[in-house]
Structures are given as C-alpha cells and as structure tokens.
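Asker: just to be clear, the model below is a prediction. Sequence and coordinates:
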Amino acid sequence: MPMSMSGKVVAITGAARGIGAQTARELARRGARLALIGLEPDELAAVAAELGDGHVWFEADVTDPESIGTAIEKTAQQLGGIDVVVANAGIAPFGTVRHHDPKAFTKTIDVNLNGVFHTAQAAMPHLVERHGYLLVISSLSAFTPIGGMAAYTASKAGSEALASALSSETSHLGVAVGSAHPSWIDTDLVRDASADLPSFRAMRAKLPWPMHSTTTVEDCARAITAGIERRARRIYVPRSVMLMHWLRNLPSSRLVELLMKPVVRRLLPQMEQEVARLGRGFSARNQKLQSGD
C-alpha cells in the first residue's frame, strides 16, 4: 500500500527550479513538509513562499560535504526529522569528449555523482532512524548513451549504480533506495541546450522511440511523487522508458550504431563547432551558477 505523504518531511536538492521545484509542489499538495536545498537562494525562497507555511529552504552545494551536511542537519532540526530525501541536483554540459572542456566534464561528475554520495551519506542517519526512503534522480541517459552527452551519461550511469549499491547496503536497516529515470523533460536545462545548440535539437528529433519523447515537468513530478509513495526501486518517466532499461544494451549495439552513423557523422561536428562558438561548457544559466558569480 502506498504510504501517505501527509506530515512526512522531504528534503530535495536542486529544488530551485525544474523537476526539483515541481516535485516539491506536488508533494506539498499531498501534505508533505519540504526542505528545499540548492544554490539559488532567491528562487528557493520564492518556491518555499509559494508552498506556504511549514516549509524551509537552505542554500547548499552538494559537491561540498560540509555544506550539504549542514543543510540536512538543519532540515532535521527545524522539521523534526527526515522521512524522504530526493537527490535531484544535476547539471548537463555541452560537447564531445574530443573537444570537451575538462573542467566542465569534472564538474558534471562532481555534481551528478559525487553530489549524490554526499547527500546520501549526510542523510542516511536520519533515514535509518525513520526507516525512510532515498530517491536518486538518474536519467534515461544512464542506459542509453548518446554522442555529445558523454559527461552527463557517465555521471547518470554512475548515480544509478550508486543507488543500486545503496539499496543493497541499507535494506536491512529499513531504508529503501530508488532511482528515477526521466527521458527529456521540458525544463530549463533541456530548453537552454536546445536554444544554444541547433545540433542538439536535430539529434533529439532523430532518436528512435521512446528515446525522443518529451514529458511535461508536471507529469514528471506526478510520476516521481507516485514513486516516492510506493518507495519504488525504479521510476520511469514516461513509462515507456522501462523498455529501454530492459533493452539497455541495444542503444550501444552495433545495429543502432550503424543506423545512427549518418546522423552522428553530420551532427557531432556541427555540435563541436557550435560549442566552440559559444565559448562555454554549460548553458549561460548554469555557467553563472557553477562559477559562483
């Protein structure tokens, strides 16, 4: 039977916008009390105000163990414990490995993989105490590698593996761990990449079903919230992504490689040129956020 979210304390990283903010809204509608954690204080405060009384927010960096640890401890102190943690904070850089900005690649691994580790480690004592649930927001990309997204794919595959290892480590303690695998979600992250890189838009359009489908952030948040209520081991958004998990070796198979070769031959050089003209490894929004300006 799904657990009721009424009165449950949920901490979400990367909660200022996109999937994190919308999931917070959906959980608040179901009676949860939210701790919003992220790097954008103005946006976090605005979302918390929108949710109403009984919710808190903390500025914290998931790549800094002390920073995220402080936010988790303050959540437990101010809201009386923690029942659920959603490790959602994530970034996506531009470019191929051949021309990648090494700092952008390293930063992506630090946020998307190391950040999950720091979040989980800080939260685990509280989750053990309440027999809680940890949800790692991975991606369809974890099992469908795509050219031009090597850093993101590697980080999300790593976060999926980390969630699986955590699940086996904590089940005897009464803690459930799951991973969510959204496909393309209509968020700032996807829209910014599409606006910056015409090649990114074209490649998405050429991907086979269900790899090219786009889901609204509202539908994504509802699916994630339903998964949290079930303490689900895996959440697929949309449900058709489950097929790609079962067939996870297909996207990297020789057959798909041959089918995609004409598209890749044309679009990856175009992407490399577009990234070079941009002169940055992230969207303008994320570039500013990661630089701390």
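Answerer: Perfect, thanks for sending it. Numbering: from 1, shown residues only.
Asker: in the stretch 151-293 of the chain, where is pLDDT below threshold?
Answerer: 187-212, 240-261, 263-268, 270-271, 274-275, 278, 280-293 (pLDDT under 70).
Asker: again, only using 80
Answerer: Across the stretch 151-293 of the chain, the ranges flagged by pLDDT under 80 are 184, 186-214, 238-293.
Asker: hey, where'd the strands end up in the protein?
Answerer: Read by DSSP state E, the chain holds these strands, from start to end of the chain: 9-13, 33-38, 56-59, 84-87, 133-137, 176-182, 184-185, 214-215, 234-237.
Asker: with mean neighbour count and distance to Ala24 added, can I get those in TSV?
Answerer: Yep, even glycine has a C-beta here, placed from its N, CA and C like the rest. Listed next are these as TSV, based on neighbours: other C-beta atoms under 10 Å; distance: least, C-beta to C-beta, whole Å:
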stretch	mean neighbour count	distance to Ala24
strand 9-13	29	6
strand 33-38	27	5
strand 56-59	22	10
strand 84-87	29	9
strand 133-137	26	13
strand 176-182	25	15
strand 184-185	22	15
strand 214-215	14	18
strand 234-237	22	16
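Asker: including distance to Ala120, could these go into JSON lines?
Answerer: Written out in JSON lines, the entries for those read as follows (distance: least, C-beta to C-beta, whole Å):
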{"stretch": "strand 9-13", "distance to Ala120": "10"}
{"stretch": "strand 33-38", "distance to Ala120": "13"}
{"stretch": "strand 56-59", "distance to Ala120": "17"}
{"stretch": "strand 84-87", "distance to Ala120": "6"}
{"stretch": "strand 133-137", "distance to Ala120": "6"}
{"stretch": "strand 176-182", "distance to Ala120": "8"}
{"stretch": "strand 184-185", "distance to Ala120": "23"}
{"stretch": "strand 214-215", "distance to Ala120": "26"}
{"stretch": "strand 234-237", "distance to Ala120": "17"}
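Asker: which one of those strands lies closest to Gly158?
Answerer: Taking C-beta to C-beta as the criterion, strand 133-137 is the member of the strands of the chain that comes nearest to Gly158, at 10.2 Å.
Asker: surely Lys156 meets Ala142?
Answerer: Yes. Using C-beta atoms under 8 Å, Lys156 is in contact with Ala142, at 4.3 Å.
Asker: that's all I had, so thanks and see you.
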